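Asker: Sharing a model that was predicted from the sequence below.
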There are 2 protein chains.
Amino acid sequence: MEKYFQFIAETIFFKGLPDAHIQALLNISREKKFSKGEMIFFEGDNGEGFYINVDGMVKVFKTSPDGKEQILHIFGSGEPYGEVPVFSGKTFPASAQALSDCKALLFPRQAIVELISANPTIALNMLAVLSLRLRQFTVQVENLSLKEVPGRLAAHLLMLYFEQSQKNPILLNISKTQLASLLGTIPETLSRILAKMAGLGLVHVQGRKIKILDRAGLELLAQTGRTE
Amino acid sequence: MEKYFQFIAETIFFKGLPDAHIQALLNISREKKFSKGEMIFFEGDNGEGFYINVDGMVKVFKTSPDGKEQILHIFGSGEPYGEVPVFSGKTFPASAQALSDCKALLFPRQAIVELISANPTIALNMLAVLSLRLRQFTVQVENLSLKEVPGRLAAHLLMLYFEQSQKNPILLNISKTQLASLLGTIPETLSRILAKMAGLGLVHVQGRKIKILDRAGLELLAQTGRTE
DNA sequence: TTTTTGCTTTGACTTAGGTCAAAAAAAATA
DNA sequence: TATTTTTTTTGACCTAAGTCAAAGCAAAAA
């Protein structure tokens, strides 16, 4: 586990902590591996702790009775997930699945609570992370209820553009089917709208590579939903 | 402010704290009054602290460029809101407005952060509150993207039924226009669907009083979206 | 009480985006 | 490479729910 010392010390949850605490965290953490497609936890499960992703990508999602799924979030390296049951005392509100082969560190509930009780400063990092997550949810609700699919897609592409340090073309990190589920729509609709956006000269699409041709146009679409 | 000692000591945020800390909180808090319709904060503002509602009801919401609004949450007595900027260091992700004349206590950011740094109980309480809020958001996203309006309405009525200790008829605590906005739809659609549900013998509607006639039917509708 | 204002309902119409089916393309596996 | 499987695209069609307009009600203000 020693190899994760530096890794833990740099995660958003635990950055800025004294070495002694990092070491304590290292001692309580367990390494977990998941292969592509494997379920990490199910909605309704009692959480044994939360995870920090080391390698690979994880999706957290909800499913409807008729099998439709809505992705809530996709987590990559260094990102924590599954914290809700640790603090709320309730079950997981959603399920998690490995999108690729994954490695993660599991931090058991009891040990984390004790660590916070002994050291409230840690809690501030965690409060910050949860607050940012709340912020993201307000955006997702706004997108789902106040924007139409083209607007959501435009906003997402712009987000990726900045996330990938303004490189152009941008590269989708997930399949278009997964992207559809993240945007609250279905692959057919996503495909049609990408085609329409290409027709309008906003983007050029080649598999997972999307070249932004008209950034101002995308921004207008993302903000107002209109294209003129 | 002394009159709020007991009130603060019983809020979800601050329950379980020693009297000395409650007194400290009392000392840093400021009483605020808002009249019906008054804005409490705007999306994008820097938060000076968070609020705990004393009297009245507050809605937290997002608005689209063309004026449509989505209510994220409605807060009543004893409930905290506006915490996101305190911990995330960012601006308010949504706006807040008084739905009725309101009284609230404002807890300034700096003082709260200091209190948390020194007191693990508060930190854990706050983590619990934010986690529960995250849970609620997952439900809202699920509702918006995986359920149709009748299913969302049925789920909401059942929630009110339990919130109001299974009294029947239940009483809407907000106008139908506000309810529509909370459910991610518009008043016309809500009205039509309530009429349809009444036609199916699920409920009986009389202004803000809604009598549940077929609870199993409502539960089926809430879970599966179907009515047979 | 009367007047004004805001809330709710109803009707006619439109549309974004979903469903179903099938073909085409890409990726994974043998 | 060939073969199987998965993903993506396209077409025809359908429907939930939105828009617009108007009327009816209820609640607040004069």
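Answerer: Yes, it's here.
Asker: sec struct for A:Tyr4, please.
Answerer: helix (DSSP: H, G, I helix; E, B strand; the rest coil).
Asker: Now do the same contact list for it.
Answerer: Counting by Cβ atoms under 8 Å, 6 or more residues apart in numbering or on different chains, A:Tyr4 touches A:26, A:29, A:31, A:54, A:105. Where C-beta positions appear, they are placed from N, C-alpha and C, glycine not excepted.
Asker: Look at A:Arg215 and say how many residues are nearby.
Answerer: For A:Arg215, the count of nearby residues is 15 (other Cβ atoms under 10 Å in any protein chain shown).
Asker: Quickly note the distance from it to A:Gly201.
Answerer: For A:Arg215, the distance to A:Gly201 equals 12 Å [Cβ to Cβ, to the nearest Å].
Asker: show me where chain A has helices.
Answerer: Here chain A has its helices, by DSSP state H, at A:5-10, A:19-28, A:84-88, A:109-118, A:120-146, A:149-163, A:176-182, A:187-199, A:215-224.
Asker: which other helices and strands contact the last one?
Answerer: Using 3 or more Cβ pairs under 8 Å, 6 or more residues apart in numbering or on different chains; DSSP states H and E as the contact criterion, the neighbours of helix A:215-224 among helices and strands are helix A:149-163.
Asker: Likewise for the longest one?
Answerer: Contact here means 3+ Cβ pairs under 8 Å, 6+ apart; on that basis helix A:120-146 packs against strand A:69-75, helix A:109-118, helix A:149-163, strand B:58-63, strand B:69-75, helix B:84-88, helix B:109-118, helix B:120-146.
Asker: go with 6 Å
Answerer: On a contact count with 3 or more Cβ pairs under 6 Å, 6 or more residues apart in numbering or on different chains; DSSP states H and E, helix A:120-146 meets helix B:84-88, helix B:109-118, helix B:120-146.
Asker: Quickly note the distance from A:Ala180 to chain B.
Answerer: Relative to chain B, A:Ala180 is positioned 11 Å away (Cβ to the nearest Cβ, to the nearest Å).
Asker: picking that back up, most neighbours, which of the contacts of A:Tyr4?
Answerer: A:Leu105 (23 neighbours).
Asker: Could you measure from the closest residue to that one other than its chain neighbours over to B:Lys32?
Answerer: Distances taken as Cβ to Cβ, 6 or more residues apart in numbering or on different chains place A:Ser29 nearest to A:Leu105, at 4.5 Å, with adjacent residues excluded. Separation of A:Ser29 from B:Lys32 (Cβ to Cβ) stands at 44 Å.
Asker: List the residues that contact the residue most central in space within chain A.
Answerer: The C-alpha lying nearest the average C-alpha coordinate of chain A belongs to A:Ile74 (Cα atoms, centre = their mean; 2.8 Å). By Cβ atoms under 6 Å, 6 or more residues apart in numbering or on different chains, the contact list for A:Ile74 reads A:Lys59.
Asker: pLDDT value on it, please?
Answerer: pLDDT for A:Ile74: 97.
Asker: any idea how far it is from DNA strand C?
Answerer: As judged by Cβ to the nearest atom of the strand, to the nearest Å, A:Ile74 and DNA strand C stand 17 Å apart.
Asker: is that residue in a bridge, and if so with what?
Answerer: A:Lys59 (DSSP bridges).
Asker: how close does it get to A:Phe50?
Answerer: 16 Å.
Asker: Quick one: name the residues of chain A near DNA strand D.
Answerer: A:175-178, A:187-188, A:190-192, A:194-195, A:205, A:208 (Cβ under 7 Å from any atom of the strand).
Asker: Count the residues that sit near A:Ala111.
Answerer: 15.
Asker: That one reaches A:Ile28, doesn't it?
Answerer: Yes - look at A:Ala111 against A:Ile28 with Cβ atoms under 6 Å: they come within range, at 3.9 Å.
Asker: Tell me, how many residues neighbour A:Lys62?
Answerer: Neighbours of A:Lys62 (other Cβ under 10 Å): 21.
Asker: these two touch, right, it and A:His73?
Answerer: No - assessed by Cβ under 6 Å, A:Lys62 is found out of contact with A:His73, at 10.9 Å.
Asker: pLDDT score for A:Leu146?
Answerer: pLDDT, A:Leu146: 97.
Asker: What residues does it make contact with?
Answerer: If you count contacts by Cβ under 6 Å, 6+ apart, then A:Leu146 has B:64, B:68, B:70 around it.
Asker: Could you measure from the nearest residue to the first one once chain neighbours are set aside over to DNA strand C?
Answerer: Spatially, and ignoring its direct neighbours in sequence, B:Ser64 is nearest to A:Leu146 (3.9 Å; Cβ to Cβ, 6+ apart). Applying Cβ to the nearest atom of the strand, one obtains 11 Å for the distance of A:Leu146 from DNA strand C.
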